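Asker: I need the structure of the sequence given here:
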Amino acid sequence: MLSFVLQRLLQSVIVVLLLSVVLFVGVWMIGNPADILISSEASEADRLAAITALGLDKPLWQQYLVFLNNAVHGDWGDSFVYKEQATSIILQRLPASLELGAVAFVIAIAVSVPSGLYAGLSPQSPIGRGIMAFSLIGVSIPTFWQGMLLIVAFGIALPILPVGDRGQVATHLGITTSLWTLDGWSHIVMPAFSLALLKMSLLMRVTRAATMEISRLDFVKFAYAKGVRTRKVVVGHILRNALVPLITVTGIELGNLLAYGVITETVFSWPGLGKLLINSIKVLDRPLIVAQLTYTALLFIAINFIVDILHMAIDPRVKSILGRPA
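Answerer: Next up, the predicted model:
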């Protein structure tokens, strides 16, 4: 197991380095920030001084090496627009994104696993068919369109939920979050459900497929033949084995919440990292863009690393493969 962990860590480091190169070059190709940040009425001398101050006068490879050296020491550079450290700005917006992602993730798991399990155990029942119809609709509607429909339905036609912003924030137990207040919950309901809907629908289908496949296996039939209670068979045999593919897919989708969060935060004007990224791209704020995308990639890699460890811990087949001598 130790060799597997070390191998995955080495792979993660290589992926981060390659990804940082791709991100840095990709952001460089978008355009020159000087064209946006420096006034067209500025003199040539002022323009050159500003370019030098921003570090844009160096060749691209030198800019990358400076960025990499600073990043290793925890300095991701100063934002061209906010004149603050990129890390500081990201940490200011991070709680809002974590709130939204956490609530959306809980909604997706709480709804998808029980409903997918039921649909897998009773695929021909009206409720089972209804669950599959709902999941099909959920994966078919684009995220931004889901958000717009929710705003029209519950923010305009039936104005029962507020649209936009994070709501009232409070601090308890040393934690500052909008989830401590009813106003905060009223603001997070729509964006969280919109963000969760696609993941919820996908996880429903994965859970249903895994349940149906495992229900046909001999050890499940043998358990029923022995007279084991249905609840014990479902929880101890079917659900436990269905968790193996579910954990893998859930880990991937947890990382994807960050990507789709950009769309959701933009639609609902949620003051998190997603909206910050869009605003940064508009003004070509390179340090902030690269820092956000790199942090997101690091989080995504960390989630997949944890999922691999959990997969190995749950699935005995993986343990046996890793335990074989080379």
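Asker: any idea where the strands of the protein begin and end?
Answerer: 170-172, 175-177 (DSSP state E).
Asker: In a markdown table: these, plus mean neighbour count and mean pLDDT.
Answerer: For the C-beta atoms, the positions are set from N, CA and C on the backbone; glycine is no exception. Rendered in a markdown table, the data for these read as follows (neighbours: other C-beta atoms under 10 Å; pLDDT from 0 to 100):
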| stretch | mean neighbour count | mean pLDDT |
| --- | --- | --- |
| strand 170-172 | 11 | 83 |
| strand 175-177 | 13 | 81 |
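Asker: Tell me which of those strands lies nearest to Ser125.
Answerer: With C-beta to C-beta, the closest approach to Ser125 among the strands of the chain belongs to strand 175-177: 40.2 Å.
Asker: thinking again about what came up before, could the strands of the chain be laid out in CSV, adding distance to Ile137?
Answerer: Converted to CSV, the strands of the chain look like this (distance: least, C-beta to C-beta, whole Å):
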stretch, distance to Ile137
strand 170-172, 36
strand 175-177, 32
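Asker: Tell me which of those strands approaches Ala49 most closely.
Answerer: strand 175-177 (39.9 Å).
Asker: which helices and strands sit right next to that closest one?
Answerer: If you count contacts as 3 or more C-beta pairs under 8 Å, 6 or more residues apart in numbering; DSSP states H and E, strand 175-177 packs onto helix 86-121.
Asker: what about the helix it packs on, distance to the chain center?
Answerer: 8 Å (C-alpha atoms, centre = their mean, to the nearest Å).
Asker: and what of stretch 237-256?
Answerer: For stretch 237-256, the distance to the chain centre is 16 Å (C-alpha atoms, centre = their mean).
Asker: Alpha carbons of that stretch, as CSV, please.
Answerer: The C-alpha coordinates for stretch 237-256 follow below in CSV (Å, rounded to 0.1, in the frame of the first residue of the first chain):
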residue,chain,number,x,y,z
HIS,A,237,-24.6,-6.9,0.7
ILE,A,238,-26.1,-4.8,-2.1
LEU,A,239,-25.5,-1.2,-0.9
ARG,A,240,-22.0,-2.1,0.5
ASN,A,241,-20.8,-3.4,-2.9
ALA,A,242,-22.6,-0.7,-4.8
LEU,A,243,-20.5,1.9,-2.9
VAL,A,244,-17.3,0.8,-4.8
PRO,A,245,-18.3,2.4,-8.2
LEU,A,246,-20.4,5.1,-6.4
ILE,A,247,-17.4,6.4,-4.4
THR,A,248,-15.3,6.5,-7.6
VAL,A,249,-17.9,8.5,-9.5
THR,A,250,-18.7,10.7,-6.5
GLY,A,251,-15.1,11.7,-6.1
ILE,A,252,-14.9,12.7,-9.7
GLU,A,253,-18.2,14.6,-9.5
LEU,A,254,-17.1,16.3,-6.3
GLY,A,255,-14.2,17.8,-8.3
ASN,A,256,-16.5,18.7,-11.1
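Asker: what's it in contact with?
Answerer: Here stretch 237-256 makes contact (C-beta atoms under 8 Å, 6 or more residues apart in numbering) with 105, 108-109, 113, 117, 120-121, 199, 202-203, 206-207, 210-211, 214-215, 219-220, 223, 299-300, 303-304, 306-307, 310-311, 314-315.
Asker: Next step: the residues you listed restricted to helices.
Answerer: 105, 108-109, 113, 117, 120-121, 199, 202-203, 206-207, 210-211, 214-215, 219-220, 223, 299-300, 303-304, 306-307, 310-311, 314 (DSSP state H).
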